[in-house]
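Engineer: compute the structure for the input listed below.
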Amino acid sequence: MRLLSICFVLALCVSSVAAQNSAKPWSEWSKKEVDKMLNESAWGQTQVEEKKEQPQNVEAVTQVAANRAADRQMSRTGESGETKAQPSIRYHVRFLSAKPVRAAFARMVLLNKTQPDEALTGQLQGFIDRSFADYIVVSVGVEVSDAKIGEQLMRALSMATADALKQNVFLERKDGKKLYLMEYRPPTEDGMGAKFVFQRVVDGQAFLTENDSVRFVAQFNERMKLNTRYKLSDMLYDGKLEY
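Structural biologist: Okay, here's the model as predicted:
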């Protein structure tokens, strides 16, 4: 299927930030620059959630409730009395169809190599330069501090289907017009996360233009909701709008 070959070729091979990174070859980006592009840029954002205990009204706590609160506190601390960090979830939401995001993923592959590999660099350049003229692809990766929570989230992403998500996943322009999900691909070993595919052209015109802002919204269940916003006028790379 043509869509699969476009979106997932990397698996076969293994704002000022944009201006800074495009000023030198992607193969020279540092890990810090890669992380910035993927997680905190015009094309990649991170939605952070922390699982916190609900505060209690001390005056209204009964002895039983107090004992339970003490038990919970003990479960969050070691014998030394050191407080454990609360579990946190980081959703990394990126426009995979944008050239700089693909460049960052490609550079990540090279940074994990101990020796230069010109053949691999050439393959990755092909991945970066591929045309996404027909599709917008948003990828979602998950980073968690609690293994159990991580397993639950990955299970939700792996078991999801396009049919189940179509009405709950969309891109929304600033004028309120929504573009609903076309295809969905669960996470694989390529390290890029789950992929959400949308039509790029609707009724003969690009759904998004440089004058737009856009929200990516995805709801898997009551506790797993994504809502990230992007400004397209900031999504210029090498003088070209990339999304």
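Engineer: surely residue 150 is in a helix?
Structural biologist: Yes. The assignment for residue 150 by DSSP: H, G, I helix; E, B strand; the rest coil puts it in a helix.
Engineer: would you map the helices across this structure?
Structural biologist: Under the criterion DSSP state H, the chain contains helices at 2-7, 10-13, 17-22, 31-39, 63-75, 99-111, 118-129, 147-159, 162-165.
Engineer: gap between the fourth one and the chain center?
Structural biologist: Relative to its chain's centre, helix 31-39 lies at 13 Å (CA atoms, centre = their mean, to the nearest Å).
Engineer: elements contacting that helix?
Structural biologist: helix 17-22, strand 44-50, strand 88-95, helix 99-111 (3 or more CB pairs under 8 Å, 6 or more residues apart in numbering; DSSP states H and E). (C-beta placed from N, C-alpha, C; glycine too.)
Engineer: outside of the strand ranked longest in the chain itself, list whatever touches it.
Structural biologist: Across the chain, the strand with the greatest residue count (assigned by DSSP state E) is strand 135-144. Under the criterion CB atoms under 8 Å, 6 or more residues apart in numbering, residues 3, 6-7, 87-97, 101, 150, 153-154, 157, 171, 179, 182, 187, 191-200, 207-208, 216, 218, 226, 243 lie in contact with strand 135-144.
Engineer: okay, that strand in PDB with CA atoms only?
Structural biologist: The C-alpha coordinates for strand 135-144 follow below in PDB (Å, rounded to 0.1, in the frame of the first residue of the first chain):
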ATOM      1  CA  TYR A 135      -1.300  13.200   3.500                       C
ATOM      2  CA  ILE A 136      -0.800  14.900   6.900                       C
ATOM      3  CA  VAL A 137       0.700  12.500   9.400                       C
ATOM      4  CA  VAL A 138       0.800  13.200  13.100                       C
ATOM      5  CA  SER A 139       2.700  10.800  15.400                       C
ATOM      6  CA  VAL A 140       2.200  10.300  19.100                       C
ATOM      7  CA  GLY A 141       4.900   8.900  21.300                       C
ATOM      8  CA  VAL A 142       4.500   8.200  25.100                       C
ATOM      9  CA  GLU A 143       7.100   8.600  27.800                       C
ATOM     10  CA  VAL A 144       6.200   7.500  31.300                       C
END
